[in-house]
Structures are given as structure tokens and as C-alpha cells.
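J.: After the sequence you'll find the predicted model.
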Amino acid sequence: MGHLDHAAFGWLTPVLSYAMACIGAALGLRCTVRALGATGRSRRNWLITAASAIGTGIWTMHFVAMLGFAVRGTDLRYDVALTVLSLIVAMVVVCAGVFAVGYSRDRTRALLIGGLTTGVGVASMHYLGMAAVRLHGDISYDPVKVGLSVLIAVAAATAALWAALNISSPVAVGVASLVMGAAVSSMHYTAMFAVSVHVTPSGAPLPGATAMQFVFPLAVGLGSYLFLTAAFVALSPTAGEREASASAQRPGESLADRQQARTA
């Protein structure tokens, strides 16, 4: 049985991975708030941005945490195709959940279906990422802890979608993102504690890329995307700001006229 180390670099990878999950959640919530106040193509674009931010945050959290994962007695490699597929799965399932909430008339039903679909998808992303791990030996899982990790993923996804529907205050969004980041991190480490590895010593080269060759550059790129998206969201005017700007450009319009136009 190989000794597993989930934090080979100390607290660095757990803290960074938690930060990535929180940033993705905060951006996703802010974009969803913007989407629910928009219509047409603007709503669609904000929902796509929200899904990409949440999906990127979850995937980056997983693989930043995996940078600290080590198994005594064997090197680790990552299958590039499966790793990329796990990213695509994260994006697609989060997008499906966000769009279900953003467009459905029955919000309760959309919340339940979207939470279940997104949660199972996030868990699938995690285990696809684990399936991409190559080592000298065999990986097995504790089914009880696997089931618990899936339940946590579904609960976290449902809470995220509920927050997207019901929270608009920046302070509340910040608090919700911290809670969601903790939920996603809990799901990851619960799933990792379900892992057991039986090492078979071998001098044969392992297929795939090392974490520093592939996972680290990709995580840095996606982290940069999150920060650029944060700047874009921060600089984009809200619906209220656009309305105030439009009203300021019509100096001859009375307050009563503006109120009538707002309610029309």
C-alpha cells in the first residue's frame, strides 16, 4: 500500500485551491446576477460567462490541489486527453445548470434538476481527473466516501444555483462564495480520502505528462482567465448604472416621465 500525501507542499496547494474555488464562485454569482437583470443576447452572454467562471474555478481548484498530491514509491503522470476532457465536462455541466436556472419559469424545479445535474457533473469531472493519473500500481476507492463526495458535490451545486437566484448584494455574494469554495474543497478532499493506491515498483517509464509540464501551466492559464474576467465584470456597468447614464443624457425629461418609462 502506497503512502498518500495530499499536501506535499504544505498548506500552499490547499489554500491556493480554495482561493481559486472562491474566486470562480464569486465571479459566477456576480455574472448570474447581471444575467437575471438582462434580456436577450445579453442574458445569454452573462450566463455563459458565469458558467465558464464557475467551471474554471472548480477545475482549477481540483488540479491546483492535485499539484500537492504524491504517492510514495512511484512517480505520477497525467493523461493529457482525459485531463482536458475533465475540463470540458466541468464547463458543460455547469453551463447546463446555470442556463436551467437562468431561463426556466419554474425556478424550484430548475434548481433541483440543475443542482443534481451540475453536482453529478462536478463529481464526474473529479473522477475523470483521477482517471487521468498514471502511476506504478493500482488505484482503488472506498465506495462510501465516493458516495459522500457525490452528495457533497450535489449539495454544493444546488447551493450555488440557489445563491445565484436569491443573492445580489456584493457583500452577500462574497460570503456565499467563501461558503461555496469550502463546499467544493470539501468535496475534493473527501473524494481524495476515498483513494487507496497499491504500488507496484517498476523502472518502466510512465505515459503522460508530469504535473509541472502540463497541469501547472494550464492551471496558471485558467487562473489568469479568472482574474481577467474579474476585471471585465468589475468594469462593466450594471443595469442600474446604464439606466442612470441614459437618464442623465436626457436632461429635459421629467422625473415622472422617467418613472413612467421604467414601469412601462
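T.: Sure, I can see it.
J.: buried sites along the lengthiest helix in the chain?
T.: Counting residues, the longest helix in the chain under DSSP state H turns out to be helix 40-66. Residues 43, 46-66 are the ones in helix 40-66 that count as buried (16 or more other CB atoms under 10 Å). Glycine gets a C-beta too; all of them are placed from N, C-alpha and C.
J.: Over to stretch 174-182?
T.: The neighbour-count check on stretch 174-182 (16+ other CB under 10 Å) flags Ala176, Ser177, Met180, Gly181 as buried.
J.: and Ala157, what is it in contact with?
T.: The contact partners of Ala157, by CB atoms under 8 Å, 6 or more residues apart in numbering, come to Gly97, Gly114, Gly115, Leu116, Thr118, Gly119, Gly121, Val122.
J.: Distance-wise, check the first one relative to Ser17.
T.: When distances are taken as CB to CB, to the nearest Å, Gly97 and Ser17 turn out to be 21 Å apart.
J.: Which one's more surrounded, these two?
T.: Neighbours per residue, other CB atoms under 10 Å: of Gly97 and Ser17, the larger number sits with Gly97, 29 against 26.
J.: re earlier: show me what the longest helix of the chain packs onto, helices and strands only.
T.: Applying 3 or more CB pairs under 8 Å, 6 or more residues apart in numbering; DSSP states H and E, one finds that helix 40-66 makes contact with helix 12-36, helix 80-103, helix 107-131, helix 170-193, helix 216-235.
J.: switch the cut-off to 10 Å
T.: On a contact count with 3 or more CB pairs under 10 Å, 6 or more residues apart in numbering; DSSP states H and E, helix 40-66 meets helix 12-36, helix 80-103, helix 107-131, helix 143-166, helix 170-193, helix 216-235.
J.: so Pro201, which of the three states?
T.: Look at Pro201: counting by DSSP: H, G, I helix; E, B strand; the rest coil, its state is coil.
J.: Next one: it, what pLDDT does it get?
T.: We have a pLDDT of 83 for Pro201.
J.: OK, contacts around Gly221?
T.: Counting by CB atoms under 10 Å, 6 or more residues apart in numbering, Gly221 makes contact with Thr56, Thr60.
J.: Same check on Thr108?
T.: Each residue near Thr108 by CB under 10 Å, 6+ apart is listed here: Leu165.
J.: Tell me how far it lies from Ile152.
T.: Per CB to CB, Thr108 is found 22 Å from Ile152.
J.: do Ala194 as well
T.: 12 Å.
J.: Those two - which one has more neighbours?
T.: Legend: neighbour count by other CB under 10 Å for Ala194 and Ile152, higher for Ile152 (22 against 19).
J.: Is that one in contact with Phe193, as I believe?
T.: No: contact between Ile152 and Phe193 fails when scored by CB atoms under 10 Å: they sit 11.9 Å apart.
J.: Could you report the distance from the residue nearest in space to the middle of the chain to Ala155?
T.: Per CA atoms, centre = their mean, the C-alpha nearest to the average position across the chain is that of Ile58, at 2.9 Å. Ile58 is 14 Å from Ala155, where distance means CB to CB.
J.: sorry, back to before: so which of the helices and strands packed on helix 40-66 gets nearest Thr200?
T.: helix 107-131 (18.1 Å; CB to CB).
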